[in-house]
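structure, please.
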Amino acid sequence: MSPAARRALTLLGLTGLCAAYLQGGLNKLLDYPGAVAEAAHFGLPLPPATAAAVIAVELLASAMVITGRLRWLGALALMLFTLAATVVANRYWELPPGMERFMTANSFYEHLGLAGAFLLVSLRHRELAA
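Prediction:
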């Protein structure tokens, strides 16, 4: 594979990996009261500050991963954010058996997969830049 094709596919893959965070961060930025309400819904402390921090992490860390500027740090931030958000928002073990529990469990494990992918990006950031 040519170096140009490898760079293009790497950029495509990293953008896809960050797509949900870019979309989530932009939606929260455009509907800040909704982001604050979401933080309050999950019982997070200082909902306005928490919402602002979530927006910053989602958008800035995604930009770091995609651009390659401190990619390892952006990927590590998104990994930690994903793990924290997953435990807060996808507590499937607290739900009664049924479809909601099944869907929430799926989301929980899908997010663990995302966290793992970000860990790999963090560990392999030098190879992705080549």
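
all contacts plus neighbour counts: C-alpha atoms, from now on.
Fine.

helices of the chain, start to end?
In the chain, the helices defined using DSSP state H lie at 3-30, 32-41, 47-56, 62-67, 71-89, 99-123, 125-129.

residue contacts, the residue lying closest to residue 48 once chain neighbours are set aside?
Nearest residue to residue 48, sequence neighbours excluded (C-alpha to C-alpha, 6 or more residues apart in numbering): residue 36, at 5.2 Å. Counting by C-alpha atoms under 8 Å, 6 or more residues apart in numbering, residue 36 touches 47, 48, 50, 51.

ok, and the closest non-adjacent residue to residue 80?
residue 115 (7.3 Å).

counting neighbours, what do you get for the one you found?
Residue 115 has 22 neighbours, counted by other C-alpha atoms under 10 Å.

ok, it - contacts?
By C-alpha under 8 Å, 6+ apart, the contact list for residue 115 reads 78, 79, 80, 82, 83.

now tell me which helix or strand of the protein has the poorest mean pLDDT.
helix 125-129 (a mean of 87; mean pLDDT, DSSP states H and E).

low pLDDT regions in the protein?
Along the chain, segments meeting pLDDT under 70 span 130.

any chance of the contacts of residue 36 in CSV, with distance to residue 68 and neighbour count too?
Below are the contacts of residue 36 laid out as CSV (distance: C-alpha to C-alpha, whole Å; neighbours: other C-alpha atoms under 10 Å):
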residue, distance to residue 68, neighbour count
47, 31, 19
48, 30, 17
50, 26, 17
51, 25, 25
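
what's the closest of those residues to residue 29?
Closest approach to residue 29 among the contacts of residue 36 (C-alpha to C-alpha): residue 51, at 9.0 Å.

any idea how far that closest one lies from residue 20?
16 Å (C-alpha to C-alpha, to the nearest Å).

again with residue 83
15 Å.

more neighbours, those two?
residue 83 (18 against 13).

isn't that one up against residue 109?
No - the pair residue 83 and residue 109 does not pass the contact test of C-alpha atoms under 8 Å, sitting 10.3 Å apart.
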